[in-house]
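Colleague: Turn this into a model:
(one chain, ligands or ions: 1)
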Amino acid sequence: MCSDRRKSTKLHDLLASKLLQAENLVAALVKNLESNHLFNVTQIHNSLDAITSNNHQISITMQQISTMLLNVEPKKADTCPTPELPTALPKHFEIRNWLLAWPQIDELVRTQVPATKRALFRDTKAANDITVSQLSAYDSAFDYLRGKFNTESQDCKAKEHGCFADISFPNSVFLENIHAAYRILLAQGVASQSQFIDVGCGSGLKVMQASLFFNRVVGLEYDLGYANIARELLEQVHIANWDVIHGDGITFDTYRDFNLVYFYRPMRDPAMLNKLENQIANTVEPETILFAPYEQFYFRHKELNCAPLGGSLYLAKSNQSQADSLRTKAEYTGTFFNKPRNTPPSIWDPIIKFSHKNGFGLDN
Ligand SMILES: C[S@@+](CC[C@H](N)C(=O)[O-])C[C@H]1O[C@@H](n2cnc3c(N)ncnc32)[C@H](O)[C@@H]1O
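Modeller: The predicted model follows:
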């Protein structure tokens, strides 16, 4: 007499058990992914196949429940004692969305297993390369906007102190190095609590750019006029965790708080520049990334106990073999950077979280 109810209960129980199984399979997969840098490819691919097959069964069960609910005649249902037959499938749309997203999640894992080396820097800088030409046009436009934005002339005090005016480093090369640095931070396991400082931030545009990759970004600037412009910019772009400090990089004494210290030849006076470089290299924590895109630093990096990582990046208080092994580790991360996204929670979140930590993601 109550066969509809019995059938419904059975299907709902089956669905609940398949959903639980999906959660367990995801947990086992993530445990496997996390436990070993050299992935067990067969085991992980088997896990993915098991999730796919379980998803298929979830989908069939949901269809059966939907069909059954459609076919239930109200009268017939009334004859059944409490509890009543459910009139809708709980979490129907949520589960449908999870199932729809699965092929992308499956692909996301397969992209990172087996681990493959991906270079930190583009290997061509040739003037006739299509990307190089496009980036060069982009740099010109960016620099034009910087000029429009920062109309302040250099402060006399800053000039006397030996500072350069606000001369911009090409933004595309900046981004290339910052992106590589982000992957190095992933390899160091510190990307989720990363802090960036631009020593001599000028109008603050590089601080703004860096905020896409770092949790906290700081601009340090000697010239008060420039520091105010940088503050104005950062206030307007709604970055969460930023600061502009009006101060002197030569005496600044908390470089140890930062994972990456960027300085683009801030000082014209060579002796003052030496002092600034000494202060940074001597007071950062070991294995801090220094981003110093100019010749003088390249010539001094050994005496300052820094080892090149590629591009214009150096590993502070480290030797070359430490830098090389970190660089190799970073080359095994993906190229995705974790932009904040507002997506509803999903059963696949542990996989997405692991992937982000490994430099892989869905929408980059
Ligand atoms: C070449 S610009 C770099 C601008 C920006 N960082 C970029 O990469 O586009 C140098 C900036 O460093 C600032 N500066 C120079 N010496 C400094 C010091 N000792 N402490 C803080 N800022 C300094 C200058 O005022 C100037 O704004």
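
Colleague: For the rest of this, base every contact and every neighbour count on C-alpha atoms.
Modeller: Fine.

Colleague: which residues sit against the helix or strand where Leu108 lies?
Modeller: Taking DSSP states H and E as the criterion, Leu108 maps to helix 92-112. For helix 92-112, the surrounding residues in contact (Cα atoms under 8 Å, 6 or more residues apart in numbering) are 45, 48, 52, 55, 59, 334, 346-348, 351-352, 355, 360-362.

Colleague: Could you list the low-confidence segments of the stretch 201-350 of the chain?
Modeller: 339-340 (pLDDT under 70).

Colleague: Could you rerun that using 90?
Modeller: 238-240, 337-345 (pLDDT under 90).

Colleague: Could I get the full set of strands for it?
Modeller: All strands of the stretch 201-350 of the chain, identified by DSSP state E, counting those that start in this stretch, fall at 216-221, 242-246, 260-262, 289-291, 306-310, 313-316.

Colleague: Tell me the spacing between the residue in the stretch 51-200 of the chain positioned nearest to the ligand and Ser3.
Modeller: In the stretch 51-200 of the chain, the residue that lies nearest the ligand is Gly200 (3.0 Å; Cα to the nearest ligand atom). Noted for Gly200: a distance of 76 Å to Ser3, by Cα to Cα, to the nearest Å.

Colleague: Give me the more crowded residue out of those two.
Modeller: It is Gly200, of Gly200 and Ser3, that has more neighbours when counted by other Cα atoms under 10 Å, with 29 against 11.

Colleague: can you give me the helices in this protein?
Modeller: With DSSP state H as the criterion, the chain has helices at 3-35, 41-71, 74-78, 92-112, 130-149, 156-160, 171-188, 205-210, 224-236, 270-283, 295-300, 320-331, 349-357.

Colleague: Distance of whichever residue of the stretch 251-364 of the chain sits closest to the ligand relative to Leu212?
Modeller: In the stretch 251-364 of the chain, the residue that lies nearest the ligand is Pro266 (3.8 Å; Cα to the nearest ligand atom). Using Cα to Cα, Pro266 is found at 23 Å from Leu212.

Colleague: Looking at those two, which has the bigger crowd around it?
Modeller: Pro266 (24 against 17).

Colleague: Against Ser140, how distant is that one?
Modeller: Counting by Cα to Cα, the gap from Pro266 to Ser140 is 21 Å.

Colleague: What of Ala281?
Modeller: 32 Å.

Colleague: Please identify which of these two sits among more neighbours.
Modeller: Ala281 (23 against 13).

Colleague: pretty sure the more buried one contacts Tyr314?
Modeller: No: assessed by Cα atoms under 8 Å, Ala281 is found out of contact with Tyr314, at 10.3 Å.

Colleague: rewinding a little: mind telling me which of the helices of the chain the model trusts least?
Modeller: Ranked by mean pLDDT, the helices of the chain bottom out at helix 74-78, which scores a mean of 53.

Colleague: what's near enough to touch the closest residue to Lys18 other than its chain neighbours?
Modeller: Distances taken as Cα to Cα, 6 or more residues apart in numbering place Ile58 nearest to Lys18, at 6.1 Å, with adjacent residues excluded. Contact analysis of Ile58 by Cα under 8 Å, 6+ apart lists 15, 18-19.

Colleague: Can you report how many residues lie near Arg122?
Modeller: 11.

Colleague: Check the one 4 residues further on too.
Modeller: Ala126 is flanked by 10 other residues according to other Cα under 10 Å.

Colleague: now it, nearest residue through space, not along the chain?
Modeller: Counting by Cα to Cα, 6+ apart, the residue nearest Ala126 is Val132, at 7.0 Å.

Colleague: how about the residues of the stretch 51-200 of the chain near the ligand?
Modeller: Proximity of the stretch 51-200 of the chain to the ligand, by Cα under 6 Å from any ligand atom, involves residues 163-169, 198-200.

Colleague: at 8 Å instead, please
Modeller: 154, 158, 161-171, 174, 198-200 (Cα under 8 Å from any ligand atom).

Colleague: before we move on, the earlier item: I'd like to know how far the residue of the stretch 51-200 of the chain closest to the ligand sits from His179.
Modeller: From Gly200 over to His179 (counting by Cα to Cα), the distance is 20 Å.

Colleague: cool, Thr52 as well?
Modeller: On the measure of Cα to Cα, Thr52 and His179 end up 34 Å apart.

Colleague: These two: which has the busier surroundings?
Modeller: More crowded of Thr52 and His179, by other Cα under 10 Å: His179, with 20 against 17.

Colleague: which residues touch that one?
Modeller: Taking Cα under 8 Å, 6+ apart as the test, what His179 contacts is 213, 337.

Colleague: How far does stretch 135-149 sit from its chain's centre?
Modeller: Stretch 135-149 has its C-alpha centroid displaced from the chain centroid by 25 Å (Cα atoms, centre = their mean, to the nearest Å).

Colleague: With stretch 336-355 instead?
Modeller: 11 Å.
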